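>>> Take this sequence and fold it.
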Amino acid sequence: MTPSRLTALILIASGLAGHAQTATWSAPSSGFVHDTLTGAIRPVLGFVGAAYLGAPVLEQVTRSSFAPNQQTAIIERDGAMWWARDLRSPDRLEALDRLPVVREARWATDSASAVLMTAEELVWLVQSDTAPLLDSRWNLDGEGRWMILAADSGAQRVLLTRDEGEQRTLWLASRKGRPVKLEFLGRPTAAVFLAASDTALVADAASRQIFRLAALNTTPETAALFGLSAEAGDPVAITLSPDAARLFVADRTAKLIRVLNATTGEALAELPLEFAPCEFTPAAPGRFLLNVRERAAQPLFFLDTNQGQISFVPAGE
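I've put the predicted structure just below:
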């Protein structure tokens, strides 16, 4: 679930070409924006580079999480959770009566299921022909704030963190297994699962290193993959290119995204920003919205990991 301080974007686009703050796409765009400045979900229409926001389809939305299929969403509205099977028909909302307020959500790439985090539980939600079904659910025991770092492609397994005073611990949970604590020294801030494997990469802000966690299906093993440069600051978000060859690291301190070789850690490029990023929100295959802590009325920037470029959609009409 994208927190209320952020903006969530779904955007369908192709043929991206350009550099930071340059929108030169040639393909039509469509999708939905949850603008938390107004609390409205609005469609993105027209061509990227000349796109505009349509009239609100839903208003008074506090939080939102969009599925990769560009249509389904889970929203918080009027203090309750709702299921929007198709945002193109926003009047057909289904109440999730048995679900407390969702703080975060991670979707399977096929949009068929999602893992949700409430204040006290991890909950797996599965789509059906009639209504979404609550599947597994695990209590989040102990004091301290929990967060989801990453989910695998099927939303079967998740990596979690728990803040315990000055310490941040790393946990693994699955649809079939309750959260278990992993041996990890440092301060995990971001993670990404490697596709079709039992391996994940975890960013550690304390050592400025990226760690590889292997054998997550059996006995997890941690090994340092490579270290970031001293100028990297605190890595707050990471993601892989679709071919898993490049690793994109959001550096909040330096206000840029570092592009690294995902195997060796070699620096390949730097993508400068005008703001400090805090999170990557999936927007479309290979594309991510660049979230910030406090968003003013500025363009919506996002990262294309296929091309290794940043562009934007204007926030105004």
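>>> Show the contacting residues for the closest residue to Val57 other than its chain neighbours.
Distances taken as Cβ to Cβ, 6 or more residues apart in numbering place Pro90 nearest to Val57, at 4.3 Å, with adjacent residues excluded. C-betas here are computed from N, CA, C, even on glycine. Under the criterion of Cβ atoms under 8 Å, 6 or more residues apart in numbering, the contact list for Pro90 reads Ile41, Val57, Leu58, Ala84.
>>> Please tell me how far Pro90 sits from His34.
12 Å (Cβ to Cβ, to the nearest Å).
>>> same thing with Phe193?
25 Å.
>>> what number of residues lie near Gln209?
For Gln209, the count of nearby residues is 18 (other Cβ atoms under 10 Å).
>>> Can you give me the distance of it to Leu96?
Gln209 is 39 Å from Leu96, by Cβ to Cβ.
>>> where in the stretch 101-250 of the chain is pLDDT low?
227-233 (pLDDT under 70).
>>> Which strand or helix spans the residue nearest to Val57?
For Pro90, there is no host helix or strand (DSSP states H and E).
>>> what are the phi and psi angles of it?
phi -70, psi -10 (degrees, to the nearest 10).
>>> what residue is smack in the middle of the chain?
For the chain, the residue nearest the mean C-alpha position is Thr281 (3.3 Å; Cα atoms, centre = their mean).
>>> so that residue touches Leu289, yeah?
Yes: between Thr281 and Leu289 there is a contact under Cβ atoms under 8 Å: 4.2 Å.
>>> Return stretch 159-173 as PDB; C-alpha atoms alone will do.
Output in PDB follows, covering the C-alpha atoms of stretch 159-173 (Å, rounded to 0.1, in the frame of the first residue of the first chain):
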ATOM      1  CA  LEU A 159      11.000  -9.900   3.200                       C
ATOM      2  CA  LEU A 160      10.000  -7.800   6.200                       C
ATOM      3  CA  THR A 161      11.800  -5.400   8.600                       C
ATOM      4  CA  ARG A 162      10.900  -4.500  12.100                       C
ATOM      5  CA  ASP A 163      12.200  -1.400  13.900                       C
ATOM      6  CA  GLU A 164      13.100  -2.300  17.400                       C
ATOM      7  CA  GLY A 165      14.400   1.000  18.900                       C
ATOM      8  CA  GLU A 166      17.700   1.700  17.200                       C
ATOM      9  CA  GLN A 167      17.900  -1.800  15.700                       C
ATOM     10  CA  ARG A 168      16.200  -2.900  12.500                       C
ATOM     11  CA  THR A 169      15.800  -6.700  12.000                       C
ATOM     12  CA  LEU A 170      15.100  -8.700   8.800                       C
ATOM     13  CA  TRP A 171      12.400 -11.300   8.600                       C
ATOM     14  CA  LEU A 172      11.100 -13.800   6.000                       C
ATOM     15  CA  ALA A 173       7.400 -14.900   5.700                       C
END
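>>> In it, which of the residues would be classed as buried?
Leu159, Leu160, Thr161, Arg162, Arg168, Thr169, Leu170, Trp171, Leu172, Ala173 (16 or more other Cβ atoms under 10 Å).
>>> How about stretch 248-261?
Those would be Phe248, Val249, Ala250, Asp251, Arg252, Ala254, Leu256, Ile257, Arg258, Val259, Leu260, for stretch 248-261 by 16+ other Cβ under 10 Å.
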